[in-house]
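J.: Just the structure for this:
(chains A and B)
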Amino acid sequence: MTTPESPTTSVTLEEVRHVATLANLQLTAEEEPRMQRDLNAILEHVAALSKLDTTGVPPLAQVGQLLEVHAAPAGASLRADQPAASLNRAAVMEEAPETDGRFFKVPKVIER
Amino acid sequence: MNFETRTIGSIHAALQSGHTTATALATEHLARIRTHDQVPGEEINSFLALASERALAQAARVDDMVRRGDPLPPLAGVPMGIKDVLTMVGAPATAGSAILKGYHPPYDATAVAKLDAAGAVLLGKINCDEFAMGSSNENSAYGPVRNPRALDRVPGGSSGGSAAAVAAGFVSASLGTDTGGSVRQPGAFCGVVGLMPTYGRVSRYGLIAFASSLDRVGPFAHTVTDAATVLGVMAGADKMDATSATAAVDDYAAEAAKPVAGMRIGIPKEYFAEGLDAEIRAAVEKAVKGLEAQGCTVHHISLPHTEYAVPTYYVLATAEASSNLSRFDGIRYGHRTEHPGNLSSLYRESREEGFGAEVKRRILLGTYSLSAGYYDAYYRKAQQVRTLIARDFLAAFEQVDAIVTPITPTPPWKIGEKTDDPISMYLADIYTVAASLAGICGISVPCGETSHGLPIGVQVLAGHFAEGKLLRVAHAIESDHAAA
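T.: Below you'll find the model as predicted:
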């Protein structure tokens, strides 16, 4: 594989709206052009990465991979699957915007 | 403001000798904050919430220990503050965001619980950039923080409030978090010590996540020894955080006190290139001379992928943020829009109302680079470059024990100066983000002032879990600067 083409750095307003939808954000009419401008400025800067030939370089998700101190084979680093005390339910539910004390309440999802 | 600043060691001695009590110290520091943090027109605005009840109860426990003649734990009676991205029972946790306004966490972060168990008196929660996203502490939903050393200037970010609270004498030490420089840079801007431990050294359980492959919890303090003491209390594996490391925890304060003679110091040419302020360059070079005078050898090295660190960081950090911040949806905690039409609009409107501009910008950028068609060109590419950046450091640490560089290309800028230009703000992180990507440890140590009296800090970097070496070099720089 050769160095990939410089990624396109011209994000359209339509793409801004699409990405906002993917991210569950609802931008106001004033925010959209501003975000478009900023995203394009940032992506133009990020395009510098395409100058670098990374053929054969493995991706690094987190440094544990590099040090091999976190990676444990076959789940050896996972703790035993034993029940233990968890957070107080009442204290947790109290922070919810709408709850009956047992469940989180949301607007009706299925109409019938 | 010219408060007496108390180190951890001096507090320990004053409590033991009966010169003061933990209760008197807590009361005095709470009063300082109440009187001086919110002076109209000169507000530092470092504290978002005080936890007086919890602090005074802890102080009373410490005083009981003194009365009984019990051995005092390492942070007994030390007034501290916690960055608002960490959870602490007894005070709200907002992460500087409107979306978490009034949220009361039901548990302590592990780092907070360990401070508490070591006797620290936790006075309250400290202002920061929203979800730790920023380099100036101007992105907080609760107003910007001013730099106590120059009130018209930023304290740095994102842990600006934590650095400012130490610099102002409101606390003896504080906790911040460093994802791309958020402890080291505000440390430099406010003239205090700021320590970023190795990735995995300190548990992140109870940290409101920004970028999970980068986030670290680290202390601010007046001295290198104090920062070492706080690190020693927090460090170690935690069953609640699978990324916390089992590497042995050293006696960091003892390590810091060891002589540096014979240590090899690397000076990477890429960190002294065009764009570096002349006074900062001179101060850092002077610190290096001081290390040479103490018997270190200086080696000119290269970290060839440095120029790619900022774009790599902003692709990876925003991608992780876009994923992490999807949990804020108005269902389980935090802000919910008042009249949601349906479930989908509940999510979208709650998030639209709750998030600030910088957070939305980063979520959008992260979502974009992870989206179909762009993943390989941006996200995967950045992960590959991250490998190259990390390899630069691994190779360097075969030749040298520590690396010394500037932390920021400029002194602290004026409040409002860069708020309309995200790129210029991101570029200010040029000397800090590479170490974040590589997962190594780093520290900022005050090393001088500009001709206008603005603080200058120097950065020391050391390899993974080499905090002992890091602190030795930092302590040597500090001693040299104090003697000058």
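J.: Output the below-cut-off pLDDT ranges for the chain.
T.: I went with chain A, as the question did not name one. Along chain A, the model assigns pLDDT under 70 to residues A:1-9, A:68-78, A:112.
J.: my bad, chain B
T.: Applying pLDDT under 70 to chain B flags residues B:1-2.
J.: Let me know the secondary structure of the closest residue to B:Gly169 other than its chain neighbours.
T.: Distance criterion Cβ to Cβ, 6 or more residues apart in numbering or on different chains; nearest residue to B:Gly169, sequence neighbours excluded, is B:Phe3 at 3.3 Å. All C-beta atoms are positioned from the backbone trio N, CA, C, and that covers glycine. Per DSSP: H, G, I helix; E, B strand; the rest coil, the secondary structure class of B:Phe3 is coil.
J.: quick one: B:Phe3 and chain A, what's the gap?
T.: In this view, B:Phe3 and chain A are 36 Å apart by Cβ to the nearest Cβ, to the nearest Å.
J.: do B:Val166 as well
T.: Separation of B:Val166 from chain A (Cβ to the nearest Cβ): 28 Å.
J.: sorry, back to before: my guess is the residue nearest to B:Gly169 contacts B:Thr35. True?
T.: No - using Cβ atoms under 8 Å, B:Phe3 makes no contact with B:Thr35, being 10.7 Å away.
J.: residues near the residue nearest to B:Gly169, how many?
T.: 12 (other Cβ atoms under 10 Å in any protein chain shown).
J.: How about the contacts made by the residue minimising distance to the centre of chain A?
T.: Residue closest to the mean C-alpha point of chain A, counted by Cα atoms, centre = their mean, is A:Ala23 at 8.5 Å. By Cβ atoms under 8 Å, 6 or more residues apart in numbering or on different chains, the residues touching A:Ala23 are B:322, B:326, B:363-364, B:367.
J.: Any buried residues in the longest helix seen in chain A, and which?
T.: In chain A, with assignment by DSSP state H, the single longest helix is helix A:31-46. Of all the residues in helix A:31-46, those buried under the rule 16 or more other Cβ atoms under 10 Å in any protein chain shown are A:31, A:34-36, A:38-39, A:41-43, A:45-46.
J.: Point me to the helix or strand that includes the residue lying farthest from the centre of chain B.
T.: The centre of chain B is farthest from one residue, B:Gly341, which by Cα atoms, centre = their mean lies 40.5 Å away. Of the helices and strands defined by DSSP states H and E, none includes B:Gly341.
J.: Just say helix, strand or coil for the nearest residue in space to it that is not next to it in sequence.
T.: Excluding the flanking residues, the one nearest B:Gly341 by Cβ to Cβ, 6+ apart is A:Pro107, at 7.3 Å. A:Pro107 falls in the coil class when you classify it by three-state DSSP.
J.: A:Pro107 contacts B:Thr337, doesn't it?
T.: No - judged on Cβ under 8 Å, A:Pro107 makes no contact with B:Thr337 at a distance of 10.5 Å.
J.: Name the residues contacting each of these two.
T.: Both A:Pro107 and B:Thr337 are in contact with B:Leu346, where contact means Cβ under 8 Å, 6+ apart.
J.: Could you report the separation of B:Ala132 from B:Ala484?
T.: Remark: distance between B:Ala132 and B:Ala484 (Cβ to Cβ, to the nearest Å) = 34 Å.
J.: what's the answer for A:Ala47, then?
T.: For A:Ala47, the distance to B:Ala484 equals 45 Å [Cβ to Cβ].
J.: So the two - more neighbours on which side?
T.: Between A:Ala47 and B:Ala484, A:Ala47 has the larger neighbour count (other Cβ under 10 Å), namely 16 against 10.
J.: wait, isn't B:Met425 in contact with B:Lys418?
T.: Yes - the pair B:Met425 and B:Lys418 qualifies as a contact (Cβ under 8 Å) at a distance of 4.9 Å.
J.: Of the buried residues of helix A:31-46, which ones also sit close to chain B?
T.: A:31, A:34-35, A:38-39, A:41-43, A:45-46 (Cβ under 8 Å from any Cβ of the partner chain).
J.: Would you reformat these as TSV and include distance to B:Ile8?
T.: Below are those laid out as TSV (distance: Cβ to Cβ, whole Å):
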residue	distance to B:Ile8
A:Glu31	46
A:Arg34	46
A:Met35	45
A:Asp38	43
A:Leu39	45
A:Ala41	44
A:Ile42	41
A:Leu43	46
A:His45	42
A:Val46	43
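J.: If anything else comes up later, I'll come back, but that's it for now.
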